[in-house]
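Asks: quick one: sequence plus predicted model below, questions after.
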Amino acid sequence: MNNLKIYNTLSRKIENFKPIHEGRAGLYVCGPTVYSDVHLGNCRTFISFDLIYRYLLYLGYKVRYVRNITDAGHLEGDRDEGEDKFAKKAKLEQLEPMEIVQKYTLGFHEVMRAFNTLPPSIEPTASGHIGEQIEMIKEIIANGYAYETNGTVYFDVEKYNIEFAYGQLTNRKLEDLMEGTRELQGQDEKRGRLDFALWIAAKSETLMKWNSPWGWGFPGWHIECSAMSSKYLGETFDIHGGGMDLQATHHTNEIAQSQACNHKSPVNYWMHTNMLTVNNVRMSKNAGNGFLPGELFTGDHPLLEKGYSPMAVRFFMMQTHYRSTLDFSNEALQASEKGHARLIAAMKTLENLKPTTSTTSDIEALQKACYDAMNEDFNAPILVAQLFEGSRIINSVNDGKETITADDLALLKRTMHGFVFDVLGLGGLVGGPDSYRDNQGQDDKLSSTIDLLLDMRQKAKDRKDFATSDEIRNKLEALGFVIKDGKDGVSWGV
RNA sequence: GGCAUUGUGGCCGAGUGGCUAGGCUCAGCUCUGCAAAAGCUGCUACAGCGGUUCGAAUCCGCUCGAUGCCUCCA
């Protein structure tokens, strides 16, 4: 449990993970803004952190995993101009803002389930924590790091920077940041160009608004994460994660708010996941090169040659480290699809392995290699390579080319199950994720039927009636089944 | 312009200075009635040029290329 290493954005180094409380870990991940369908880039981030969450659990940590839902106050422009996203979408769709929130929250959960991600321990909403956010803003004002103008409260970045390093997370100096900032209209209310809103005064047309000491309004985007993370994980907690694109603005402001409020650094380990690209260009909502998870599953998109199962996609993501960019292409996806199928086939074979009195491969070394891979900043690609070594052993034992003792077989099963299913989250034995397991009863009937056909084929083979046996095989294969003639009989897969 | 990341074999992708992951593709072999599956073997990889070193894909410098952030985004 003590060998885990994590790359910390703050130090730009791989560090030993030392939790604040022995045996426990607090993890906060910035969740989605639910004003439209979740897109695949978001999914990659959440799947990456699902892996991290799963491995912490697998190591025996008691983890509190908090992932928020942003359902209020997220403006179009990050620097406080623009319109409320929910209200804008609501006008377009003629719905109440909270209907939008509900619709896309449900859709988000559906996709997360399809990818077999574990639900977080707590999934707090911004709109449900307005009080906490107001209290935090009051404290920041009392501490002298924020000021109110016409019902809007701004964070005073330049004043904060005198005492703290505002740009520490991105290694930037305040002067450089100032240069890079444009002069925007309607900003006379701000004292400094980098100042950002903690609370925004409602206009007459604002649909989502709450009462506050500064009048009716809504919270700025960044304050919700500071308020909710400190509420559920404490003023300083272990790990905060999110996509790399949040590093410069959102997370930088989160640190500033928390420091200004609580006088302490909020997070020990900052983790950032890399972007998803298509043809080497970042997939983004507005670039037109993105597709939705649903389109990926069905293949119903011009960029996709066919559909890919959620587990094949998850496996594809596990073959790349979370800090590397991941490029989507049909070729790469299809390669992963086959690799995934081969690994899952070996998992099935593992169930039927027969032990003997000696072992030819070093199972303990395999197990250690799996732990080593994940302990090195959650290196899933190396883990996958080790699991293929495990699958090679499984198949060799199955072919009678290698042997294994009962004890080693038990260890091999524990290792393979633990890392394939519990850590990588590649679904259960029968058909993968829960959504694919609904027709369990049918599956049983189907497999009896296939077994019957294969039994008939065997009888035909026994009397050298190869015409009949091949006909059965060819027709089954045409239906998508794979027939494997093994040493001790026939097996099949889909 | 500033701050970062990055350039690995046909493709995708790991790589902590020396022991050259893994998957997919392709070719061959073993097994098989034939296939499939499985196993084994192979396919002149580290952008270029210098440097440090006994030794560099890995460290340093320069050149060229790609990407991200700095402006909504996971």
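Replies: Received the coordinates, thanks. Numbers count the residues shown, from 1 in each chain, chains lettered A, B, ... in the order given.
Asks: residue A:160 contacts residue A:146, correct?
Replies: No - with contact defined as CB atoms under 8 Å, residue A:160 does not count as touching residue A:146 (9.2 Å). The way it works is simple: take the backbone N, C-alpha and C, and place the C-beta from them, glycine included.
Asks: what touches both of these two?
Replies: The contact sets of residue A:160 and residue A:146 overlap at residue A:260 (CB atoms under 8 Å, 6 or more residues apart in numbering).
Asks: which residues touch stretch A:365-383?
Replies: Here stretch A:365-383 makes contact (CB under 8 Å, 6+ apart) with A:3-7, A:14, A:51-52, A:55, A:318-323, A:385-387, A:389-390, A:393, A:411-412, A:414-415, A:419, A:423-424.
Asks: check stretch A:463-472 too.
Replies: The contact list for stretch A:463-472 (CB under 8 Å, 6+ apart) reads A:453-454, A:456-458, A:460-461.
Asks: filter the residues you listed down to the ones in helices?
Replies: Secondary structure defined by DSSP state H assigns A:453-454, A:456-458, A:460-461 of the contacts of stretch A:463-472 to helices.
Asks: the stretch 151-300 of chain A against RNA strand B: which residues are in contact?
Replies: Within the stretch 151-300 of chain A, the positions lying close to RNA strand B (CB under 7 Å from any atom of the strand) are A:170-172, A:176-177, A:179-182, A:221, A:242-250, A:273, A:275-277, A:280-286.
Asks: which among these count as buried?
Replies: The neighbour count (16 or more other CB atoms under 10 Å) marks A:177, A:221, A:242-243, A:245-246, A:249-250, A:273, A:275-277, A:283-284 as buried among those.
Asks: residue A:358: which of these is nearest?
Replies: residue A:273 (44.2 Å; CB to CB).
Asks: just to revisit the earlier point, return only those of the contacts of stretch A:365-383 found close to RNA strand B.
Replies: By CB under 7 Å from any atom of the strand, the members of the contacts of stretch A:365-383 lying near RNA strand B are A:319-321, A:385, A:389.
Asks: any quick ChimeraX command for the buried ones out of those?
Replies: Selection command for ChimeraX covering only the buried members of these, criterion 16+ other CB under 10 Å:
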select /A:319,320,321
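Asks: what helices or strands is whatever helix or strand residue A:327 lives in leaning on?
Replies: Under the criterion of DSSP states H and E, residue A:327 resides in strand A:326-328. Strand A:326-328 is packed against strand A:276-278, with contacts defined by 3 or more CB pairs under 8 Å, 6 or more residues apart in numbering; DSSP states H and E.
Asks: residues from the stretch 301-450 of chain A in reach of RNA strand B?
Replies: Residues of the stretch 301-450 of chain A lying near RNA strand B by CB under 7 Å from any atom of the strand: A:319-321, A:324-327, A:329, A:331-332, A:334-336, A:338-339, A:342, A:345, A:376, A:379, A:381-382, A:384-385, A:388-389, A:391-392, A:395-396, A:398-399, A:401.
Asks: from those, which land in helices?
Replies: The members of those that map onto helices under DSSP H are A:331-332, A:334-336, A:338-339, A:342, A:345, A:381-382, A:384-385, A:388-389, A:391-392, A:395-396, A:398.
Asks: in PyMOL, how would I select just the buried ones from those?
Replies: Entered in PyMOL, the line below selects the buried ones among these, by 16+ other CB under 10 Å:
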select buried, chain A and resi 336+339+345+384+391+395+398
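Asks: remind me what the strand or helix carrying residue A:63 packs against, helices and strands.
Replies: Using DSSP H and E, residue A:63 maps to strand A:62-67. The elements that strand A:62-67 packs onto, with contact taken as 3+ CB pairs under 8 Å, 6+ apart, are strand A:24-29, helix A:40-58, helix A:221-233.
Asks: return the most buried member of these.
Replies: Among these, helix A:221-233 has the highest mean neighbour count (mean count of other CB atoms under 10 Å), at a mean of 25.
Asks: what's that helix in contact with?
Replies: Contacts for helix A:221-233 (CB under 8 Å, 6+ apart): A:26-28, A:30, A:64, A:66, A:68, A:70, A:72-75, A:78, A:122, A:124, A:126, A:129, A:132-133, A:135-137, A:196, A:198-199, A:237, A:240, A:250, A:253-254, A:257-258, A:261-262, A:266.
Asks: could you rerun that using 7 Å?
Replies: Contact with helix A:221-233 is made by A:26, A:28, A:30, A:64, A:66, A:68, A:70, A:73-75, A:122, A:124, A:126, A:129, A:132-133, A:136-137, A:196, A:198, A:237, A:240, A:250, A:253-254, A:257-258, A:262, A:266, as judged by CB atoms under 7 Å, 6 or more residues apart in numbering.
Asks: what do you get for stretch A:247-261?
Replies: With CB under 7 Å, 6+ apart as the test, stretch A:247-261 has contacts from A:9, A:30, A:78, A:136, A:139-140, A:143, A:145, A:155, A:157, A:160, A:164, A:166-167, A:169-170, A:196, A:222-223, A:225-226, A:230, A:242, A:265-266, A:270, A:272.
Asks: nearest to RNA strand B among the buried ones among the residues of the stretch 151-300 of chain A next to RNA strand B?
Replies: Nearest to RNA strand B, judged by CB to the nearest atom of the strand, of these is residue A:243 at 1.8 Å.
Asks: the nearest residue to that closest one once chain neighbours are set aside: what's it in contact with?
Replies: Spatial nearest neighbour of residue A:243, excluding adjacent residues (CB to CB, 6 or more residues apart in numbering): residue A:45 at 4.7 Å. The contact partners of residue A:45, taken as CB under 7 Å, 6+ apart, are A:242-243, A:273.
Asks: repeat that for 8 Å
Replies: Shown in contact with residue A:45 (CB under 8 Å, 6+ apart): A:29, A:241-243, A:273.
Asks: again, but for residue A:153
Replies: Counting by CB under 8 Å, 6+ apart, residue A:153 makes contact with A:137, A:141, A:146-147, A:197-199, A:214.
Asks: find the helix or strand that it is a member of.
Replies: Using DSSP H and E, residue A:153 sits in strand A:152-155.
Asks: what is the mean pLDDT for stretch A:45-57?
Replies: Averaging pLDDT along stretch A:45-57 yields 96.
Asks: and the helices in the stretch 351-494 of chain A, which stretches?
Replies: Ranges of helices in the stretch 351-494 of chain A, per DSSP state H, counting those that start in this stretch, are A:363-375, A:380-398, A:406-416, A:440-462, A:466-478.
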